[in-house]
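**Student:** starting from these lines, generate the structure:
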Amino acid sequence: RPLETLLATWGLSLALQQTVRTIFGPTNREVGAPEFMSGAFELGHLTITYNRLWIIVFSLVVLFALMAVLKKTPLGLQMRAVTQNRRMAGAMGIRTNWVDAVTFGLGSGIAGIAGVAIGLYAQVTSEMGSNYIVQSFMTVVVGGVGNVWGTLAGAGLIGILQKGIEFFNPSNTLAAQTYMILF
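**Tutor:** Residues are numbered from 1 along each chain as shown. Next comes the predicted model:
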């Protein structure tokens with residue numbers, strides 16, 4: 001039941017945010033990047049920082065590792081089978097609840113990796129993930145649910161278009177997100 005799952009996830013996220021705020025305090029934390037990630041280089045009028053470049057490289061490594069797991073391992077085959085037809089996969093002897101748990105753990109691990117990457121260039125707060133939830137949802141909708149390559153293409157398209165819109169109005173990123181949702 002997707003609606004109940006979505007509401008439960010949102011409620012759980014609010015509880016986790018308050019728990020983190022209670023344990024670590026309400027102040028923002030800065031994560032120091034290693035020395036090799038500091039600095040930048042220029043490419044014409046474009047300045048690219050090393051930490052963002054390393055984040056892109058690391059994200060591609062995680063993407064290709066995920067693709068290898070999905071396409072080359074028995075776990076990936078079981079994940080695809082459960083996604084496509086749960087009842088038939090269960091009838092073939094696949095433990096669907098176990099596959100669900102492992103898939104959730106894999107997705108949570110990738111989300112944790114993304115949180116660490118974001119922490120390298122943004123302030124770490126208890127609600128820092130909520131700033132990216134709209135873009136994440138748009139990326140999955142544009143790319144297609146269950147399509148990793150489509151999600152990558154959707155993320156690239158949304159990122160380029162949003163930054164293009166922000167170029168014309170750099171002080172208002174909310175307007176850029178609103179235009180992207182309308183688009």
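
**Student:** all strands of the chain, in order?
**Tutor:** Ranges of strands in the chain, per DSSP state E, are 40-43, 46-49.

**Student:** in TSV, list those strands along with mean pLDDT.
**Tutor:** Supplementary listing: these in TSV, determined by pLDDT from 0 to 100:
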stretch	mean pLDDT
strand 40-43	86
strand 46-49	84
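
**Student:** could you say which of these is packed most deeply?
**Tutor:** Neighbour counts (mean count of other Cβ atoms under 10 Å) averaged over each of those peak at strand 46-49, with a mean of 11. Where C-beta positions appear, they are placed from N, C-alpha and C, glycine not excepted.

**Student:** can I get it as CSV, trimmed to CA atoms?
**Tutor:** Once non-C-alpha atoms are left out, strand 46-49 reads as follows in CSV (Å, rounded to 0.1, in the frame of the first residue of the first chain):
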residue,chain,number,x,y,z
LEU,A,46,33.5,27.0,-15.3
THR,A,47,35.2,26.4,-12.0
ILE,A,48,35.1,22.8,-10.8
THR,A,49,36.1,22.0,-7.2
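
**Student:** need the contact partners of that strand.
**Tutor:** Contacts to strand 46-49, defined as Cβ atoms under 8 Å, 6 or more residues apart in numbering, come from residues 39, 40, 41, 42, 121.

**Student:** which members of the residues you listed are the farthest-apart pair?
**Tutor:** Using Cβ to Cβ, the contacts of strand 46-49 span at most 17.9 Å, a distance reached by 42 and 121.

**Student:** rewinding a little: nearest to residue 136 among the contacts of strand 46-49?
**Tutor:** Of all these, residue 121 has the smallest distance to residue 136: 17.1 Å, by Cβ to Cβ.

**Student:** leaving out chain neighbours, which residue sits closest to that closest one?
**Tutor:** residue 51 (5.8 Å; Cβ to Cβ, 6 or more residues apart in numbering).

**Student:** look up how far residue 73 lies from the one you found.
**Tutor:** 32 Å (Cβ to Cβ, to the nearest Å).
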